[in-house]
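*Asks:* okay, predicted coordinates and the sequence, questions at the end:
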Amino acid sequence: MKEIDKSVTLTQKTVVLRASGSEEREETLAIEVPYKVALNDKEIGASMVLATGLEEFGAGFLFGQGYVTKPGQVREVLVCPEGRISVHADVEEGSEPKEVIITSGCGGTGKISKEMLEGAFDPLNECTITMDEVDQFIRAMAKQSPLGPATHCVHGCGLWAEGKLLGFYEDVGRHNAVDKIIGAILMGKIPASGAIYTTGRLTSDMVLKCARIGVPIVMSRTSPSSLGLAIARRAGVTLVGYACPGRLNVFNAPERIKL
């Protein structure tokens, strides 16, 4: 496992209280920072994030807001240390602000454009995954970073394709971690024809963004919501909950999972 990235963590002394007494202990905390996201020099929004994978986050954030819609549109992403992510993309200039829906993200951090909920879904990028590959996928993610077990404060999201883990990102928000994966797809770093695994629950917006970008298999170590499942059924997404080595609970389209 990699060493902890000290640029995104800090240590804090705490007092542990028990019935038998107290003791001092040092804990590792994830650093949460605000970043504004701009599209072609026009500010679109802002979010609290873990300051890793910021280029990918900027692109993925704009996808969720309905401004960037497909791979190939993003030309350049610049991250300023002052807390600004500037995305330059080939999209319609001067478009009106998108109507957004506040999702179940903690503190209102999850937002998606209303347009994403409406209309038919494009065909998904097809692929299959074996149970053995799922085991490898989950174990590979666990080896990527010590931030999760060290802080108990971050979510991870990865993409498996071509028989290996091709992308992995973390964030204090489960929505942000998924946005980073989607941003990597938009920037051409990883393909959409793969399986996504997230440590966060699969609510409507989480499933919706994966379906709209064309990912056919979406998995989580926890469960989907009722609307998350309804969207998976509309889009034909293979939706997997309670995923762990050797066991999957497939809520929709199990045919993409091979024993």
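*Replies:* Structure's in. What do you need?

*Asks:* and I231, what pLDDT?
*Replies:* Looking at I231, its pLDDT reads 96.

*Asks:* just confirm it is within a helix.
*Replies:* Yes - counting by DSSP: H, G, I helix; E, B strand; the rest coil, I231 is part of a helix.

*Asks:* who's in contact with it?
*Replies:* With contacts defined as CB atoms under 8 Å, 6 or more residues apart in numbering, the neighbours of I231 are S204, V207, L208, A211, V237. From N, CA and C alone the C-beta is placed, and that goes for glycine too.

*Asks:* does the fourth one count as helix, strand or coil?
*Replies:* When the structure is reduced to helix, strand and coil (three-state DSSP), A211 reads as helix.

*Asks:* that one against A235, yeah?
*Replies:* Yes - assessed by CB atoms under 8 Å, A211 is found in contact with A235 at 3.8 Å.

*Asks:* overlap in contacts, these two.
*Replies:* With CB under 8 Å, 6+ apart as the test, A211 and A235 both reach F121, L124.

*Asks:* quick revisit: and which of the contacts of I231 is nearest to L78?
*Replies:* Nearest to L78 among those is L208, at 28.0 Å by CB to CB.

*Asks:* wait, the closest one touches L117, no?
*Replies:* Yes - the criterion here is CB under 8 Å, and L208 meets it with L117 at 6.8 Å.

*Asks:* more neighbours, those two?
*Replies:* Between L208 and L117, L208 has the larger neighbour count (other CB atoms under 10 Å), namely 23 against 15.

*Asks:* can you tell me which residues contact the more buried one?
*Replies:* I112, M116, L117, I231.

*Asks:* one more time with 10 Å, if that's ok
*Replies:* 64, 103, 112, 116-117, 121, 227-228, 231-232, 234-235, 237 (CB atoms under 10 Å, 6 or more residues apart in numbering).

*Asks:* and those, which is the shakiest by pLDDT?
*Replies:* T103 (59).

*Asks:* wait, what's in contact with G83?
*Replies:* V33, P34, Y35, K36, A46, V49, A51, L54.
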